[in-house]
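Asks: after the sequence you'll find the predicted model.
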Amino acid sequence: MIARRRRAGVVLVGLIATLLSASRATADPRLDYILHCRGCHGPDGSGAPGAAPSFRGHVAKFLWVPDGRDYLIRVPGTAQSELSDARVAALLNWLVREFSAAEVPVDFTPYTEADVARVRHPPLIDVYGTRRGLIHAIEAREATAPR
């Protein structure tokens with residue numbers, strides 16, 4: 001009886017290890033969001049006022065302006081994450097479509113691993129100043145966009 005339980009325990013541990021390895025091998029942007037972004041940006045991407053900006057209805061607007069695409073790669077939470085360049089690209093593509101689909105430009109080209117590798121380092125130093133400048137450019141674009 002004890003030997004049978006021990007074998008079952010060994011099989012269970014092996015199964016769990018296999019599942020964990022498989023989950024690490026296949027990138028799932030939703031899981032990466034939960035593990036790496038949700039703590040600050042919230043389960044629904046609404047952010048935390050004064051701490052983390054909302055993604056909802058906003059994040060894809062950065063794709064409208066020069067340097068906005070690179071900005072999303074270079075913000076510290078992205079640039080300094082432990083995720084590979086390929087997983088960052090998948091996560092950014094998922095983020096803009098999940099939380100800001102209506103704002104994704106018609107000519108949007110999905111992020112690639114090469115895009116992230118090219119821009120990710122060094123990380124952005126003046127995050128707030130850069131963000132403020134990009135938001136001004138977004139607001140100017142919205143003001144002049146045909147309705």
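Replies: Yep, that arrived.
Asks: could you list the low-pLDDT ranges of the protein?
Replies: Residues of the chain meeting the criterion pLDDT under 70: 1-26, 146-147.
Asks: ranges for the helices of it?
Replies: Assigned by DSSP state H, the helices in the chain fall at 2-25, 29-36, 38-41, 68-74, 76-79, 85-100, 113-119, 127-144.
Asks: just give the nearest non-adjacent residue to Cys37, would you?
Replies: Gly77 (6.8 Å; C-beta to C-beta, 6 or more residues apart in numbering). To be clear about C-beta, it is placed using only N, CA and C from the backbone, and glycine gets the same treatment.
Asks: one step back: would you list the helices of the chain in CSV and tack on mean neighbour count?
Replies: Converted to CSV, the helices of the chain look like this (neighbours: other C-beta atoms under 10 Å):
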stretch, mean neighbour count
helix 2-25, 9
helix 29-36, 16
helix 38-41, 15
helix 68-74, 20
helix 76-79, 16
helix 85-100, 20
helix 113-119, 16
helix 127-144, 13
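Asks: which of the ones you listed sits closest to Asp107?
Replies: Of all the helices of the chain, it is helix 68-74 that lies closest to Asp107, at 11.6 Å by C-beta to C-beta.
Asks: which residues does that closest one contact?
Replies: 59, 61-63, 78-79, 88, 92, 95, 111, 115-116, 119-120, 123-124, 130-131, 134, 137-138 (C-beta atoms under 8 Å, 6 or more residues apart in numbering).
Asks: for stretch 130-147, same thing?
Replies: By C-beta under 8 Å, 6+ apart, the residues outside stretch 130-147 that reach it are 53, 61-62, 64-68, 71, 124.
Asks: Throw the helices of the chain into JSON lines and include distance to Pro49, thanks.
Replies: Output for these, formatted as JSON lines (distance: least, C-beta to C-beta, whole Å):
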{"stretch": "helix 2-25", "distance to Pro49": "33"}
{"stretch": "helix 29-36", "distance to Pro49": "20"}
{"stretch": "helix 38-41", "distance to Pro49": "12"}
{"stretch": "helix 68-74", "distance to Pro49": "20"}
{"stretch": "helix 76-79", "distance to Pro49": "17"}
{"stretch": "helix 85-100", "distance to Pro49": "16"}
{"stretch": "helix 113-119", "distance to Pro49": "28"}
{"stretch": "helix 127-144", "distance to Pro49": "14"}
